[in-house]
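1. Following is a predicted model, sequence given first.
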Amino acid sequence: GAVVSQHPSWVICKSGTSVKIECRSLDFQATTMFWYRQFPKQSLMLMATSNEGSKATYEQGVEKDKFLINHASLTLSTLTVTSAHPEDSSFYICSASPTAGGETQYFGPGTRLLVL
Amino acid sequence: AQTVTQSQPEMSVQEAETVTLSCTYDTSESDYYLFWYKQPPSRQMILVIRQEAYKQQNATENRFSVNFQKAAKSFSLKISDSQLGDAAMYFCAYRSYFGAGNQFYFGTGTSLTVIP
């Protein structure tokens, strides 16, 4: 149990285009999901906390207009990188905690984004 | 904010031997959770072990065990009988006890190499 999926697993796009990444909890409901960014050989950097039915809470320094987060249901959150630029190239990971007893975060497999 | 420190960027261990990864944290809270996550080359974050701060007994999970020293705010991971598949980045993480939506605070990671 406690499986989180992400789609796509990798994406290459042209500079200026937008990319949407989906995060789904497959066998549990998650009121809260988290979006992280990870650079090579570095730790996970929390970008935002996504709450079902409400606006996401962004960490300091993360542009909310650049990284649009939507949490439409208890099993789906999306991250849209708008007008992507090469510096947005990174590994994006989502995680979710079960609504009931959510002390542990379960991570998706990540999405590798390359902006040309 | 809580901070998590992993002072060993890299560690190596001979196959079948034992290795200990260090983690310290800073918090003013009395109740919290501590985690060790493993990130292999696939970059999928995998939960290794979890410890509740109110429990005095150290958590164990097969070949993985922790040495939790609450007063010293130390949470080390011991891997016994190391296997090649244990090679990965290991992240220590902290989470407040109350609230399903609380974020994790991650350390900077320790890269573990297993030598055949």
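-> Right, received. Where do you want to start? Residues are numbered from 1 along each chain as shown, chains lettered A, B, ... in the order given.
2. so residue A:47 touches residue A:33, yeah?
-> No - counting by CB atoms under 8 Å, residue A:47 stays clear of residue A:33, with 11.3 Å between them. C-betas here are computed from N, CA, C, even on glycine.
3. Could you check which helix or strand contains residue 11?
-> You didn't pick a chain, so chain A it is. Per DSSP states H and E, residue A:11 falls inside strand A:10-13.
4. ah, I was thinking of chain B
-> strand B:10-14.
5. Give me the sheet partners of the next helix or strand after that strand and which way each runs.
-> For strand B:10-14, the following helix or strand on the C-terminal side (DSSP H and E) is strand B:19-21. Looking at strand B:19-21 with DSSP bridges, its partner strands are strand B:74-79 (antiparallel).
6. At the geometric centre of chain A, which residue sits there?
-> Note on chain A: the residue nearest the mean C-alpha position is residue A:35, at 3.7 Å, using CA atoms, centre = their mean.
7. Identify the bridge partners of it.
-> Assigned bridge partners for residue A:35, using DSSP bridges, are residue A:48, residue A:94.
8. Now that we're looking at it, what pLDDT does it have?
-> According to the prediction, residue A:35 has pLDDT 96.
9. how near is it to chain B?
-> Separation of residue A:35 from chain B (CB to the nearest CB, to the nearest Å): 11 Å.
10. Could you list which residues are in contact with that residue?
-> The contact partners of residue A:35, taken as CB atoms under 8 Å, 6 or more residues apart in numbering or on different chains, are A:23, A:46-48, A:50, A:67, A:69, A:77, A:79, A:92-94.
11. Counting neighbours, go ahead and name the busier of residue A:47 and residue A:33.
-> Shown here are residue A:47 and residue A:33; by other CB atoms under 10 Å in any protein chain shown, residue A:33 has more neighbours (30 against 24).
12. I'd say residue B:80 and residue B:61 touch.
-> No - assessed by CB under 8 Å, residue B:80 is found out of contact with residue B:61, at 11.0 Å.
13. Up against chain A, what does chain B have?
-> B:33, B:35, B:37, B:42-47, B:50, B:89, B:91, B:95, B:97, B:100-101, B:103-104, B:106-109, B:111 (CB under 8 Å from any CB of the partner chain).
14. ok so, going back, which other helices and strands does the strand holding residue A:11 contact?
-> strand A:19-25, strand A:111-115 (3 or more CB pairs under 8 Å, 6 or more residues apart in numbering or on different chains; DSSP states H and E).
15. would you turn the ones you listed into TSV with distance to chain B?
-> Shown next, in TSV, are these (distance: least, CB to the nearest CB, whole Å):
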stretch	distance to chain B
strand A:19-25	13
strand A:111-115	8
